[in-house]
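> Show me how the following folds:
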Amino acid sequence: MTPTTSPAPTGSSPSAGPLATPLPPGVTHCPGTTPGEHVTGRSASARSSNWSGYVAHSVQPQFTCVEATWTQPHVRCPTKGSRTVAYWVGLGGVGQEGLEQIGTQTTCTDGRDLVVVWHESLPLERAEVVEPVDVHAGDRMWAQVRWLAGARYRLAIVDITHPQQLSVVDTNTRLRRTSAEWIVEAPTAGCPSSCHVLSMPNFGRLRFSGIVVTADGVRLPLDGPGFIHERETMVTRKGAVRSVVSSTAADGTAFTVEWKRP
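Numbers count the residues shown, from 1 in each chain. Below you'll find the model as predicted:
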């Protein structure tokens, strides 16, 4: 699910994100030292048929941890048909087959919505693994993907509003830690024979905040120095915009993705 590159529209800048989100015992934020000042790195833009948000990518440094918080949106489901939207953080996936990702997903079926927690390890798993975590619209979520050592990764997600947490450890020998992501996605179905991007419901506006990425042992915002932060705008095959992605907050720890009718 690699985004395709072309010029992307700009958006407004949200206010700076909050300080570190309180987490339950046994769950920790991304490790690393914190730089004394905020230095902004290089920016870029791209368009994708299924991704919307930001990607940090570089050959060096390598990323070892990524996290963010968001409020689970109130999705407007149409009365007929099915539509799906997912929100996640991850490591890998850009310019490679390897990807570790975890987040939440809302599926609309004939006017009813179902929210699930899911994770996926590519290329090993060709579909997301759904977990029995009871999440509702309006819940405050936190998610993290963290490299442990070798080919091992820990994927964690917490429902802060109704304290629940999930942590799984994956082994992924194909992943190169050259990208980190904060994404709203229109999932792809029917693969490998007939891959197609699913219709996406109106999720209104989602704000990723508390964003952190660890690169070479340093905790940085998504627009930190030493790597490129690329804004991904979702478009249809004909180029119509499906979502609007804002600029990053002044401190690089937050941005918004807003649904737009194509």
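> how near is residue 51 to residue 62?
According to Cβ to Cβ, to the nearest Å, residue 51 stands 21 Å off from residue 62. Every C-beta, even on glycine, is put in place using the N, C-alpha and C of the backbone.
> Kindly report the same for residue 181.
15 Å.
> who has more neighbours, those two?
Ranked by neighbour count (other Cβ atoms under 10 Å), residue 181 and residue 62 place residue 181 first, with 30 against 17.
> Okay, and the more buried one sits in which element?
strand 179-185 (DSSP states H and E).
> Strand partners (parallel or antiparallel) of that strand?
Looking at strand 179-185 with DSSP bridges, its partner strands are strand 51-57 (antiparallel), strand 82-92 (antiparallel).
> can you tell me how far residue 23 sits from residue 35?
To residue 35, residue 23 is 22 Å away according to Cβ to Cβ.
> between those two, which one's more packed in?
Of the pair residue 23 and residue 35, residue 23 is the one with more neighbours under other Cβ under 10 Å, namely 18 against 13.
> which residues does that one contact?
Taking Cβ atoms under 8 Å, 6 or more residues apart in numbering, we find residue 23 in contact with 29, 142, 158, 160.
> hang on, the first one packs against residue 67?
By that I understand residue 29. Yes. The pair residue 29 and residue 67 passes the contact test of Cβ atoms under 8 Å, sitting 6.5 Å apart.
> what about the least confident helix or strand in the chain by mean pLDDT, distance to the chain center?
Least confident helix or strand of the chain, by mean pLDDT, DSSP states H and E, is strand 188-189 with a mean of 84. Its chain's average C-alpha position is 17 Å from that of strand 188-189, according to Cα atoms, centre = their mean, to the nearest Å.
> So what's the gap between whichever helix or strand comes after that strand and the chain middle?
As assigned by DSSP H and E, the chain's next helix or strand after strand 188-189 is strand 196-197. Here the centre of strand 196-197 is set off from its chain's centre by 18 Å, with Cα atoms, centre = their mean.
> partners of strand 196-197, with directions?
Its sheet considered, strand 196-197 pairs with strand 188-189 (antiparallel) by DSSP bridges.
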